[in-house]
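Undergrad: Next comes the sequence, and after it the predicted model I'd like to discuss.
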Amino acid sequence: MAHLAPDSLARPRLWLNQVEIYFSIVQRKVLTPNDFPNLEIAERRLLDFQDYFQQIATPFEWNFTRSKLKKFLARLDRHRQHPQAA
């Protein structure tokens, strides 16, 4: 079972992002390709990865601020209004 740090619980949206990132890692590193001959092997691979990840895991550095989001959305909006010629 994954462990949550107490300070990350103070910001529910941040720990939810960390959970989403963790499952993205599991999808890429463990479940792809989906070549499991049976569910027991899939379960073992997931549990082995969980044990490994708990040994190496560090907190995710979330640095995408509201300011960066506003700049990104403005740039995206400009691109939609004036797409460059292909």
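TA: Arrived safely. Residues are numbered from 1 along each chain as shown.
Undergrad: can you tell me which residues contact the most centrally placed residue in the chain?
TA: Geometric centre of the chain, nearest residue: residue 21, 1.3 Å, by Cα atoms, centre = their mean. Residue 21 makes contact with residue 60 under the criterion Cβ atoms under 8 Å, 6 or more residues apart in numbering. (C-beta placed from N, C-alpha, C; glycine too.)
Undergrad: Per-residue pLDDT of it, please?
TA: Residue 21 is assigned a pLDDT of 85 by the prediction.
Undergrad: With only the CA atoms kept, save the helix or strand containing it in PDB.
TA: Using DSSP states H and E, residue 21 sits in helix 12-26. Provided in PDB are the C-alpha atoms of helix 12-26 (Å, rounded to 0.1, in the frame of the first residue of the first chain):
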ATOM      1  CA  PRO A  12      -6.000  17.500  -1.200                       C
ATOM      2  CA  ARG A  13      -5.500  18.600  -4.800                       C
ATOM      3  CA  LEU A  14      -1.700  18.200  -4.600                       C
ATOM      4  CA  TRP A  15      -1.800  14.700  -3.200                       C
ATOM      5  CA  LEU A  16      -4.500  13.800  -5.800                       C
ATOM      6  CA  ASN A  17      -2.000  14.900  -8.500                       C
ATOM      7  CA  GLN A  18       0.600  12.700  -6.900                       C
ATOM      8  CA  VAL A  19      -1.700   9.700  -7.000                       C
ATOM      9  CA  GLU A  20      -2.400  10.400 -10.700                       C
ATOM     10  CA  ILE A  21       1.300  10.600 -11.400                       C
ATOM     11  CA  TYR A  22       2.000   7.400  -9.500                       C
ATOM     12  CA  PHE A  23      -0.700   5.500 -11.600                       C
ATOM     13  CA  SER A  24       0.800   7.000 -14.800                       C
ATOM     14  CA  ILE A  25       4.100   5.600 -13.800                       C
ATOM     15  CA  VAL A  26       2.500   2.200 -13.000                       C
END
